[in-house]
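[1] A predicted structure for the sequence below; I have some questions about it.
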Amino acid sequence: HYKVANVLATSTRRQLQPDHPARRVLTVFSWGSININYDSMFALSLEGSALSRAMPVKDFGSLAQTVPESLPDITETVRCFANESRWAQLPRQLQQAPFYADGLLLFRALRGLVQGYFDL
């Protein structure tokens, strides 16, 4: 999240004029990211921070590499939101789980927002 949010917010601000249509729609998704990430860095990311002291590991810094490498590819995980046949193949229990049920609702709402914006 840190990396993607900061890159999106920073590149949008640096490369697009304030009245550019793409900047206006991207700002909906990135507004406040730079400040939020900066503020949370002190509580979450640094050695000796509240999170590092709460974690049961000796080398907190190694988690920055270990955790992302051990997670499944999120692109594949959420692909079912945009593809109805993939959605239908999910077990019913997964379709009803909050991550998937709410994720589908959010995906549809955001897709409608973005499509509506570009259809103007």
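    That came in fine, so what should we check first?
[2] pLDDT at residue 25, what is it?
    For residue 25, the model assigns a pLDDT of 88.
[3] How about residue 116?
    Residue 116 carries a pLDDT value of 86.
[4] go on, residue 111?
    Looking at residue 111, its pLDDT stands at 91.
[5] how close does it get to residue 10?
    Applying Cβ to Cβ, to the nearest Å, the value for residue 111 to residue 10 is 25 Å. In short, each C-beta sits where N, CA and C put it, glycine included.
[6] again with residue 96
    As judged by Cβ to Cβ, residue 96 and residue 10 stand 38 Å apart.
[7] More neighbours: which of these two?
    Taking neighbours as other Cβ atoms under 10 Å, residue 96 and residue 10 compare with residue 10 leading, 13 against 10.
[8] what about that one, which SS state?
    helix (DSSP: H, G, I helix; E, B strand; the rest coil).
[9] which non-adjacent residue is nearest it?
    residue 34 (6.9 Å; Cβ to Cβ, 6 or more residues apart in numbering).
[10] Which other helices and strands does the longest helix anywhere in the chain contact?
    Secondary structure of the chain per DSSP state H: the longest helix is helix 98-119. Helix 98-119 is packed against helix 21-30, helix 74-82, with contacts defined by 3 or more Cβ pairs under 8 Å, 6 or more residues apart in numbering; DSSP states H and E.
[11] out of those helices, nearest to residue 42?
    Comparison of the helices and strands packed on helix 98-119 against residue 42 by Cβ to Cβ identifies helix 21-30 as nearest, at 20.9 Å.
[12] Remind me which helix or strand residue 63 belongs to.
    helix 63-70 (DSSP states H and E).
[13] export that helix as PDB, just CAs?
    Extracted in PDB, the C-alpha atoms of helix 63-70 (Å, rounded to 0.1, in the frame of the first residue of the first chain):
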ATOM      1  CA  LEU A  63       9.100  -8.700   7.500                       C
ATOM      2  CA  ALA A  64       9.100  -6.000   4.800                       C
ATOM      3  CA  GLN A  65      10.500  -8.600   2.400                       C
ATOM      4  CA  THR A  66       9.200 -11.900   3.800                       C
ATOM      5  CA  VAL A  67       5.500 -10.900   4.100                       C
ATOM      6  CA  PRO A  68       4.900  -9.700   0.500                       C
ATOM      7  CA  GLU A  69       6.800 -12.700  -0.900                       C
ATOM      8  CA  SER A  70       4.600 -15.100   1.000                       C
END
